[in-house]
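>>> pasting a predicted model and its sequence here:
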Amino acid sequence: MSTPAAQPESRRRARLVAEANLPTRYGEFRVTAFEAVDGKEYGAVVKGDVAGRRGVPVRLHSECFTGDVMGSVKCDCRDQLEAALEYIGQADHGVVVYLRQEGRGIGLANKIRAYALQDGGLDTVQANLALGFDDDERRYDIAADILAELGIESVRILTNNPNKIAGLESAGIRVEGRIPLQVQTRPENVFYLSTKALKSGHMLVDLPEPE
């Protein structure tokens, strides 16, 4: 089955509006900002020249206030973000797109409500369903348009989540391969990761048994 064509430039849902150089602990990047039709601003860091390239290593990272910013160990989000930045920082070129999709797309307040339900014994999927949401509410059409704005021809995606691959492909981005992004588990997130693998189909291997 062929991949649908990406949105033409005149119909893209995200526009590149600013960019600058950004030295980081993972290497030298170009930081870019995008305005999108959903009223949100999105950011990405770009290593090297990605315009016109095929098979560009790309990480689509959904924001996680509790993990990325506050250092929560309930999830593996910060560990995955740092692993992706380190990988791309050591490559000749690549991109990390930071998506405004907190809590698998349900928002921060609902994510914390889901945390409270998890404190009562539910897993992440059960908690989202109990709040009236799907297991995963995220979409990848804006991410696809961000990659198109950067001029990327095709990607190799850093992910364990098959939904990201399917989401990009359905939005017109050619995915040439997957780079596994499994990070070391912690006692606090083994149950969360096991739920990802068993109920959400994430490609995780050799997980320890939850206590």
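Great, that's in hand. Numbering: from 1, shown residues only.
>>> who's in contact with Cys75?
Cys75 makes contact with Cys64, Thr66, Gly67, Asn189, Tyr192, according to CB atoms under 8 Å, 6 or more residues apart in numbering. (Glycine included, C-beta is placed from N, CA and C.)
>>> and the closest residue to it other than its chain neighbours, what are its phi and psi?
Nearest residue to Cys75 in three dimensions, chain neighbours excluded: Gly67, at 4.8 Å (CB to CB, 6 or more residues apart in numbering). Here is the backbone geometry of Gly67 (degrees, to the nearest 10): phi -90, psi -60.
>>> assign a three-state SS to the most centrally placed residue in the chain, would you?
What sits nearest the mean C-alpha location of the chain, by CA atoms, centre = their mean, is His61, with 2.4 Å. The local conformation at His61, judged by DSSP: H, G, I helix; E, B strand; the rest coil, is strand.
>>> tell me what it is bridged to.
Listed by DSSP bridges, the beta-bridge partners for His61 are Tyr98.
>>> from Leu122, how far off is it?
25 Å (CB to CB, to the nearest Å).
>>> which parts of the helix or strand of the chain with the lowest mean pLDDT are buried?
When the helices and strands of the chain are scored by mean pLDDT, DSSP states H and E, helix 190-200 comes last with a mean of 88. Buried residues in helix 190-200, counting neighbours by 16 or more other CB atoms under 10 Å, are found at Phe191, Tyr192, Leu193, Ser194, Thr195, Lys196, Ser200.
>>> pLDDT weak spots in the protein?
1-8, 10, 211 (pLDDT under 70).
>>> now for Cys71: which residues touch it?
In this structure residue 71 is Gly, not Cys. Arg78.
>>> quick check: it vs Gly43, distance?
Gly71 is 20 Å from Gly43, by CB to CB.
>>> then Leu85?
13 Å.
>>> these two: which has the busier surroundings?
Neighbours per residue, other CB atoms under 10 Å: of Leu85 and Gly43, the larger number sits with Leu85, 21 against 17.
>>> surely the more buried one and Val45 touch.
Yes - using CB atoms under 8 Å, Leu85 is in contact with Val45, at 7.4 Å.
>>> if I look at these two, which residues touch both of them?
Thr24, Val96.
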